[in-house]
Structure formats: structure tokens, C-alpha cells
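Enquirer: Provide a 3D model corresponding to the input given below.
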Amino acid sequence: MATIRIDLEQLQKDGLIGPDLADAIAARAVPDTRAQMFINLALILGALAVAAATIALVPNATTGLVLAIAAIGGAEAIRRLKEDESLKVLSAGLALMGTLGFAGWIGWQWRDAEEVTAPALLVTLVIGGGAAWFRSAFLAGLSVAAFGGVFGTGTGYWHASYGLFVEQPVLTIGVFGLLAAGLYLARDRVATAWRGLLTVAARTAFFLVNFAFWVGTLWGETFGPHWNPDGSQTWEAWNDSLTRVPDLAFVLAWPAVLVAVLLKAKRGGFVSMTSLVFLAIHAYTQYFERLGASPETLLLGGLSLVALAVATPRLLKVWKQAT
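Expert: This is a model prediction of the structure:
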């Protein structure tokens, strides 16, 4: 819904409206919520400060768990006060803090575990449950990203650097491709209140599919047992026994999938625009990966871009006529 600012006094001076209409418009004006927003943000920052101080005074995992449960309880208590909409931002902030705090406690409890499947699934369920209960689109996206941890897909941060890792591109593409398709299909069959959550989750899954393709185009994938360096098998024999999906397979499959999505998706929508962005990323990556930045390849790349720019309007015209 669009919001329009008008000057009622000026409209009356210009003779466009009368006093009665001005009073009726003023009575139906949307209230200014900037003060309420400030109060909510101040309360959230205060809650964060209290939580940080409490953990600093009693530095253990139990403290974090207690604070997470308290935040979830506070969010639920505020959410049930339906007659008071002024604290919705605070409720959303507490829900986010509590859910992520609970998930963080699970990760801390299993920080030394060799098998990460069970804790990753548990974290996914906690974040997904928080998303469903509090109707949080942000948590819905995080739950899909957390599910990637089951297959060795995720992100990492260290000093001045941020990384993406995908250990099993084929499995990641298959699982999240089916998940994205299923969520998009389900979105049109559920109540309106759930459509936003499903849309965000489906878009996150679509991003992970493309990230997996991106990693696959650079390194491919290798299937097989882990090498057992106890002398029972030489490294050469183990290496020869592996099954490999070459990077070229991903190089060819990725644009084919994106073009198919472009033909199916609504033009100008999120999926179609994201597909175009990843097509550009793919072209950029393969340009430097295969050709390198030399004068000859730069000339070839420039001519290709000019040809593409000239051909695109005609292709779009043919596509529009065909559809």
C-alpha cells in the first residue's frame, strides 16, 4: 500500500477540499510510528546489553540457554497482546534473539562432535520451528541455510574474509532444487499468512542451488570412500578407485538450468532476475577460469558482449511473440 504525504491546510487554501473533508482525512490518517520504533529499538538494544553483561558475569552455556528461553518467552508474551501493536518490533527482536540463542547453544553443546548431521538437523528444526511459530521470514531463510550444514554446505568468517563452502555439489543441487520447487508449488496452495515464509525459504534454497553449481564449475566433485592411510591401500590405488564428476559437467549444466528457469519463471520477478545475475556470474567466472585476462581474450570478450547487446532485443521480441 502506497503512503502519500499531503498538506491539508494548503489544499484548503487552494480550494481543492473543504473543512469537512479535511477533518475526515485527518481522522483516517496513519499514525506516526517513529516514536514507537525508537522505543522498540531502545528496548532491543537494552535487552542485548543485559544479555551480554549477564554472559560476561556468568560465562557458561547454561546462562546462554536461560537467556534464550527468557527471550522466547518474552516474545511469546508480547505476541499474545494483540491489542497492543506498538511492541511488535520488540517481539520480533526477542524471537530472533531467543531462537538463534537456542540454536547457538545446541551448536556449542555439539562443538566437538565428529558427526555433524544430527546437530545440524536439530538446529534446522529449532530455527524452522521459530520461523513457523513467530511467522518470521528471516528465520525461514536461516532455517534453509542451516539445513545446508547437513550436506557440508555453509559459510565461514575469519579476519577480513568471508567464505562459502559446498562439499557435495551434486547432492546439494538435488536436495535444494527439489526443496525450492516444492516450496514454490506449495506457496500457491497455503493460506496467505504462510506465503511470505515459503517464498523466502524457496528463494534461499534457489540461492544454495546456484552456489553449489558455482563451486562445481570450479572443482567438480569426487565420490568414494575416505582414504585410509594405514598402509592397507596406497594413495594411487585409492585415487584411481574414485568416481569423479568433472567441472565441465557443471559448466554446461548450470546455464542450461538457468535458461530453463528463465523460460518458466515470470519475467521481471525474483527468480528470473536472480537467474540472470547468476548467468552473468557464471560467464564472468568461466572467462577468467578458462581464458584469463589477456589482450586477446579481452578483445574476444568485448566483441561477444557487443554481439549479445545487439542480439538481446531481437531475442526478447521473438520470445515475447512466442509466449
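Enquirer: give me the number of residues near Ile25?
Expert: 13 (other C-beta atoms under 10 Å). Just so you know, the C-beta spots here come from the backbone N, C-alpha and C atoms, and that holds for glycine as well.
Enquirer: what sits against it?
Expert: Taking C-beta atoms under 8 Å, 6 or more residues apart in numbering, we find Ile25 in contact with 6, 8, 17.
Enquirer: try 7 Å this time
Expert: Leu8 (C-beta atoms under 7 Å, 6 or more residues apart in numbering).
Enquirer: confidence score at it?
Expert: Confidence at Ile25, expressed as pLDDT, is 77.
Enquirer: Okay, it and Gln10: tell me how far apart.
Expert: 13 Å (C-beta to C-beta, to the nearest Å).
Enquirer: How about Phe138: what's its closest non-neighbour residue?
Expert: Spatial nearest neighbour of Phe138, chain neighbours left out: Leu96 (6.7 Å); criterion: C-beta to C-beta, 6 or more residues apart in numbering.
Enquirer: Doesn't Thr222 belong to a helix?
Expert: No - going by DSSP: H, G, I helix; E, B strand; the rest coil, the assignment for Thr222 is strand, not a helix.
Enquirer: ok, it - how many residues close by?
Expert: By the criterion of other C-beta under 10 Å, Thr222 has 11 neighbours.
Enquirer: For the remainder of this discussion, apply numbering that starts at 48.
Expert: Got it, first residue is 48 now, which makes that one Thr269.
Enquirer: Check what pLDDT it gets.
Expert: Confidence for Thr269, expressed as pLDDT, is 84.
Enquirer: my guess is it meets Arg291, correct?
Expert: Yes - applying C-beta atoms under 7 Å, one finds Thr269 in contact with Arg291, separated by 5.2 Å.
Enquirer: neighbours of the residue nearest to Phe185, just the number please.
Expert: The tally of other residues near Leu143 (other C-beta under 10 Å) stands at 19.
Enquirer: And what about it, helix, strand or coil?
Expert: helix.
Enquirer: Check Arg52 too.
Expert: Quick answer, by three-state DSSP: Arg52 is coil.
Enquirer: Phi first, then psi, for it.
Expert: phi -100, psi 130 (degrees, to the nearest 10).
Enquirer: gap between it and Ile72?
Expert: From Arg52 to Ile72 the distance is 12 Å (C-beta to C-beta).
Enquirer: do Ala249 as well
Expert: In terms of C-beta to C-beta, Ala249 sits 40 Å off from Ile72.
Enquirer: With Gly111 instead?
Expert: For Gly111 relative to Ile72 (C-beta to C-beta), the value is 51 Å.
Enquirer: Leu245 too?
Expert: In terms of C-beta to C-beta, Leu245 sits 38 Å off from Ile72.
Enquirer: Find the nearest non-adjacent residue to Gly65, please.
Expert: Gln59 (7.1 Å).
Enquirer: In the helix or strand hosting that neighbour, which residues are buried?
Expert: If you go by DSSP states H and E, Gln59 is part of helix 55-60. Buried positions in helix 55-60, judged by neighbour count with 16 or more other C-beta atoms under 10 Å: Leu55.
Enquirer: Can you give me the neighbour number for Glu161?
Expert: Neighbour tally, Glu161, other C-beta under 10 Å: 5.
Enquirer: So it: helix, strand or coil?
Expert: coil.
Enquirer: residues contacting it?
Expert: Contacts of Glu161 by C-beta under 7 Å, 6+ apart: none found.
Enquirer: who's in contact with the host helix or strand of Ala115?
Expert: Counting by DSSP H and E, the element that carries Ala115 is helix 108-126. Identification of contacts with helix 108-126 by C-beta under 7 Å, 6+ apart yields 98, 101-102, 134, 137-138, 141-142, 144-146, 148-149, 151-152, 155-156, 181.
Enquirer: Helices of this structure, start to end?
Expert: With DSSP state H, the ranges of helices along the chain come out as 55-60, 66-74, 81-104, 108-126, 135-156, 164-181, 184-194, 216-234, 239-266, 282-287, 294-311, 317-333, 342-369.
Enquirer: what sits against Trp152?
Expert: 108, 111-112, 115.
Enquirer: Tell me the pLDDT of the closest residue to Val262 other than its chain neighbours.
Expert: Nearest residue to Val262, sequence neighbours excluded (C-beta to C-beta, 6+ apart): Val213, at 4.1 Å. With respect to pLDDT, Val213 scores 87.
Enquirer: and Val213, how many residues sit next to it?
Expert: Neighbourhood size, Val213 [other C-beta under 10 Å]: 23.
Enquirer: which residues sit in contact with it?
Expert: With C-beta under 7 Å, 6+ apart, Val213 has these contacts: 200, 219, 258-259, 262.
Enquirer: Perfect, that will be all.
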